[in-house]
Structure formats: structure tokens, C-alpha cells
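> What follows is a predicted protein model with its sequence.
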Amino acid sequence: MSSPALAETSATGTCKVVAFANQKGGVAKTTTTLNLAVAFAEEGHRVMCCDMDPQGNLTMSQGIDPDTLEKSMYDVLVHHVPIRDIIQKREIDVACASIDLAGAEIAMSTMIGRERSLQKALKGVEHDYDFVFIDTPPSLGLLTINALTAAHKVIVPVQCEYLSMRGLIQLQNTLAMIRENLNPDVDIEGILPTLVDSRTLHAKEAIELLEENFGERVFASRIRKTVRFAEAPVKGMSVLKYDPDGLAAHAYRQLAKEVLSNGNR
Ligand SMILES: Nc1ncnc2c1ncn2[C@@H]1O[C@H](COP(=O)(O)OP(=O)(O)OP(=O)(O)O)[C@@H](O)[C@H]1O
Ligand SMILES: [Mg+2]
């Protein structure tokens with residue numbers, strides 16, 4: 001039995017935690033975390049993004065230099081610094097990461113309850129936000145396991161190529177393990193086709209294959225390829241702020257509507 005969709009659970013007034021995960025690199029996890037968060041904020045929700053990737057791309061995408069941070073997610077996970085102390089306010093609130101987070105997996109490896117560090121940390125801000133969005137690194141290591149353990153739902157961005165799909169099976173196996181041992185109710189909210197080049201037959205075929213295998217779990221929204229997504233982070237902005245009336249911004253607003261009304265799909 002899966003837990004109810006975000007649309008239903010968000011009506012209860014409790015903070016909902018969504019992890020954005022796919023162990024494949026460069027499939028638009030960070031882009032989706034940030035832009036969907038900003039789209040949710042436009043709808044009036046209080047949203048915090050938590051950067052769980054040592055690359056700090058989400059942190060940088062909001063114009064924050066990870067090298068200048070005094071404290072970051074490393075200190076939250078390893079030294080139990082309250083997460084509120086490291087949150088910076090930008091377009092949305094960001095719990096920042098820097099490269100030292102790469103050492104967190106080893107530092108946590110001998111800790112009892114190491115898989116639950118993030119879940120515990122988020123308790124400290126659960127009354128401050130309607131949604132917490134977690135960006136994860138391209139691996140299924142302890143940082144991603146912490147994210148999946150803290151999450152109610154998982155959104156899986158997938159680049160529409162045949163080879164990307166194979167990785168989904170591995171992600172599903174990891175989720176099954178998490179459900180069995182750590183977080184019985186976590187489930188995939190939806191699979192998001194990203195970097196779609198609608199001119200190619202391959203993209204069409206890849207989406208068909210995705211729908212054949214994952215059916216209703218595939219969002220109706222699609223995120224097309226456009227250079228705007230590469231331009232916006234350079235300016236430290238979401239695409240919704242960088243090019244508010246463009247197709248890219250529209251795509252994430254559309255996805256926000258879909259997620260927030262899910263169950264009607
Ligand atoms: N729809 C899109 N069209 C064009 N470029 C995109 C799109 N979405 C993301 N990109 C670009 O593709 C690159 C990878 O995106 P992103 O960093 O979001 O992926 P990721 O899955 O978070 O990567 P990683 O696994 O390294 O964390 C970035 O340069 C980003 O700007
Ligand atoms: Mg990323």
C-alpha cells in the first residue's frame with residue numbers, strides 16, 4: 001500500500017518532504033528541485049530546499065558561493081548543528097552544502113542511526129515549512145539514503161534516453177530496501193521526463209518505453225531542452241525568475257500544478 005499523494009497529504013497542514021533522486025548524473029535533479037520549489041512558492045507554499053550534494057549545485061544556483069560558508073549541511077549531519085542555523089533566504093530558503101559534505105558519509109559511517117541524521121535534523125523546522133525539497137547527489141550512498149529515509153515522496157527526473165531508464169530499476173530496488181528497513185511509507189510520487197528533445201524520434205520512443213514500464217507514475221508534464229536552464233544558474237536564479245514568461249518557467253509551473261493536484265491525473 002502506498003501513502004497518499006502529496007496533494008492530499010499537504011492539505012493536512014504538516015510539512016511534506018520530497019526527495020529528488022536518480023543516481024544517474026546530469027538528469028536535472030538540481031534544476032528540478034530548485035525550479036519546482038520556486039513554482040510551489042509562487043503558489044503560496046512555504047518551501048525550503050536542502051542541498052545534500054557535495055557538488056553544492058543547488059546552493060550555487062541561488063547565487064551562494066559554497067566556499068564562503070561557515071557552516072553547512074556537513075555540520076548539521078555530523079555535528080548536529082540545528083538546520084535552522086545554516087538556512088539562507090533567497091528566492092526560497094536553502095540549507096546549503098559545500099564540498100566538505102563529501103566527507104560526511106565517512107564521518108557518519110560509525111554513528112548509530114546514521115541513516116536518520118537528516119530526518120532528525122528536519123524535525124527542527126517542520127513547523128516552518130509546508131514543503132522541504134531535498135536535492136541528492138548522483139549516487140545511492142549514505143547521503144541519498146538519508147534523503148530517502150527523511151522523505152514522504154520521491155520525484156525521479158529521468159533523461160529521455162534508453163540507457164537512463166535502466167538505472168530506474170536500481171533506484172526502485174534501493175527504495176524497496178529503504179521501505180523494508182527505514183521508512184515504510186516512502187514512495188515514488190512521479191517520474192519526470194527531462195531534457196526532452198521533442199524533435200527526435202528517440203525521445204518519443206524513450207517516453208513511450210517509460211510509460212509502458214511505469215504507467216501512471218510518469219508525470220504528464222515534460223521538461224524540454226532549452227538553453228535557459230544553463231543560463232539561469234550563472235545568474236544565481238531559478239528559470240522562473242530569470243525568464244518568467246518563457247517556456248522553461250511555464251513547464252515547471254505546470255509540473256507544480258500537476259503535483260499539487262495529483263490524484264486527478
Ligand atoms: N531542460 C533542460 N534543458 C537544457 N539544459 C538543462 C535542462 N535541465 C537541466 N539542464 C542543464 O543540464 C545540466 C545538468 O542539470 P542538473 O545539474 O540539474 O542535473 P543533476 O541531475 O542535478 O546533475 P548531478 O547528477 O551532477 O547532480 C545543467 O547544466 C543544467 O543547467
Ligand atoms: Mg545535481
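Nice, thanks for sending it over. Ligands and ions are numbered 1, 2, ... in the order given.
> Any stretches of the chain with poor pLDDT?
1-4, 8-13, 263-265 (pLDDT under 70).
> what about the strands in it?
Remark: strands assigned in the chain by DSSP state E are 16-20, 47-51, 87-89, 93-95, 131-135, 153-159, 187-194.
> near ligand 2 at all, the last one?
So the one you mean is strand 187-194. No. Applying Cβ under 5 Å from the ion, one finds strand 187-194 out of contact with ligand 2, separated by at least 11.7 Å. Any C-beta I mention is one placed from the backbone N, CA and C, and that applies to glycine too.
> Redo the strands of the chain as CSV? Include mean neighbour count.
As requested, those are exported to CSV (neighbours: other Cβ atoms under 10 Å):
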stretch, mean neighbour count
strand 16-20, 25
strand 47-51, 28
strand 87-89, 14
strand 93-95, 24
strand 131-135, 27
strand 153-159, 24
strand 187-194, 23
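> JSON lines please, covering those and showing distance to Leu101.
Shown next, in JSON lines, are the strands of the chain (distance: least, Cβ to Cβ, whole Å):
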{"stretch": "strand 16-20", "distance to Leu101": "16"}
{"stretch": "strand 47-51", "distance to Leu101": "8"}
{"stretch": "strand 87-89", "distance to Leu101": "15"}
{"stretch": "strand 93-95", "distance to Leu101": "11"}
{"stretch": "strand 131-135", "distance to Leu101": "11"}
{"stretch": "strand 153-159", "distance to Leu101": "20"}
{"stretch": "strand 187-194", "distance to Leu101": "24"}
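> so how far is the first residue of stretch 238-248 from its last?
10 Å (Cα to Cα, to the nearest Å).
> Kindly report the residues of the chain close to ligand 1.
The chain comes close to ligand 1 at residues 25-31, 53, 55, 57, 138, 194-195, 223-226, 229-230, 233, as judged by Cβ under 6 Å from any ligand atom.
> tell me the contacts of the closest residue to ligand 2 within the stretch 101-250 of the chain?
Across the stretch 101-250 of the chain, no residue is closer to ligand 2 than Asp135, which sits at 5.9 Å (Cβ to the ion). Residues in contact with Asp135 (Cβ atoms under 8 Å, 6 or more residues apart in numbering) are 20, 29-30, 33-34, 49-53, 57-58.
> What is the nearest of those to Gly113?
Of all the contacts of Asp135, Gly113 sits closest to Met52, with 16.9 Å by Cβ to Cβ.
> surely the closest one meets Ile134?
Yes. The pair Met52 and Ile134 qualifies as a contact (Cβ atoms under 8 Å) at a distance of 5.6 Å.
> can you list residues touching both of these two?
What both Met52 and Ile134 touch, as defined by Cβ under 8 Å, 6+ apart, is the set 118, 147.
> didn't Glu126 look like it was pressed against Thr14?
Yes. The pair Glu126 / Thr14 is scored as a contact, 7.2 Å apart, by Cβ under 8 Å.
> picking up where we left off before, PyMOL command to pick out the buried ones of the residues of the chain next to ligand 1?
Written as a PyMOL command, the selection of buried residues from the residues of the chain next to ligand 1, which uses 16 or more other Cβ atoms under 10 Å, is:
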select buried, resi 27+28+29+30+31+53+55+57+138+194+195+223+224+225+229+233
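> How about the stretch 51-200 of the chain: which residue is closest to ligand 1?
The stretch 51-200 of the chain approaches ligand 1 most closely through Pro138 (3.4 Å), counting by Cβ to the nearest ligand atom.
> Nearest residue to that residue in space, please, no chain neighbours.
Gly25 (3.8 Å; Cβ to Cβ, 6 or more residues apart in numbering).
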